[in-house]
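**Q** Dropping a prediction and its sequence here:
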Amino acid sequence: MGWNFEDVGGFRSREDAERWAKANNIDPRDLDVRSTGGRRVSASVRRSALTEGTDQDRSYGRKDGFF
């Protein structure tokens, strides 16, 4: 069984992505963080962990990063 993930953008570090997830009530098990080369990481969240309201806002309330 596979999981569908939604890209939530780039962060400076894994710790920044984890802080963002905690601030947005995302369970750490639903967060996938990958190195994009250099010092940046890309994060995705399991789609089932996202609320219905955030599906319309692809930046998930973020005002920095790629959004």
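**A** On my side now, so go ahead.

**Q** okay, CA-based contacts and neighbour counts for the rest of this
**A** Noted.

**Q** those helices in this structure, which residues are they?
**A** Using DSSP state H, the helices of the chain run over residues 14-23.

**Q** Can you list the residue ranges for strands in it?
**A** 5-11, 31-35, 41-46 (DSSP state E).

**Q** Show me which positions of the last one end up buried.
**A** By neighbour count with 16 or more other C-alpha atoms under 10 Å, strand 41-46 contains the buried residues 41-46.

**Q** Which of these sits closest to residue 19?
**A** Distance to residue 19 across the buried residues of strand 41-46 (C-alpha to C-alpha) is lowest for residue 43, with 11.7 Å.

**Q** in the protein, what spans have low per-residue confidence?
**A** Applying pLDDT under 70 to the chain flags residues 1-3, 49-67.

**Q** Could you report the neighbour count for residue 31?
**A** 21 (other C-alpha atoms under 10 Å).

**Q** Which residues does it form beta bridges with?
**A** Note on residue 31: beta-bridge partners by DSSP bridges are residue 45.

**Q** if we can go back for a sec, okay, among the buried residues of strand 41-46, which ones form the most distant pair?
**A** Between all members of the buried residues of strand 41-46, the farthest pair (by C-alpha to C-alpha) comes out as 41 and 46, at 16.6 Å.

**Q** that older thread, possible to save the strands of the chain as a markdown table with distance to residue 23?
**A** Compiled in a markdown table, the strands of the chain are given as follows (distance: least, C-alpha to C-alpha, whole Å):
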| stretch | distance to residue 23 |
| --- | --- |
| strand 5-11 | 14 |
| strand 31-35 | 13 |
| strand 41-46 | 14 |
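
**Q** Residue 22: which of those is closest?
**A** Taking the strands of the chain one by one with C-alpha to C-alpha, strand 31-35 is closest: 10.0 Å.
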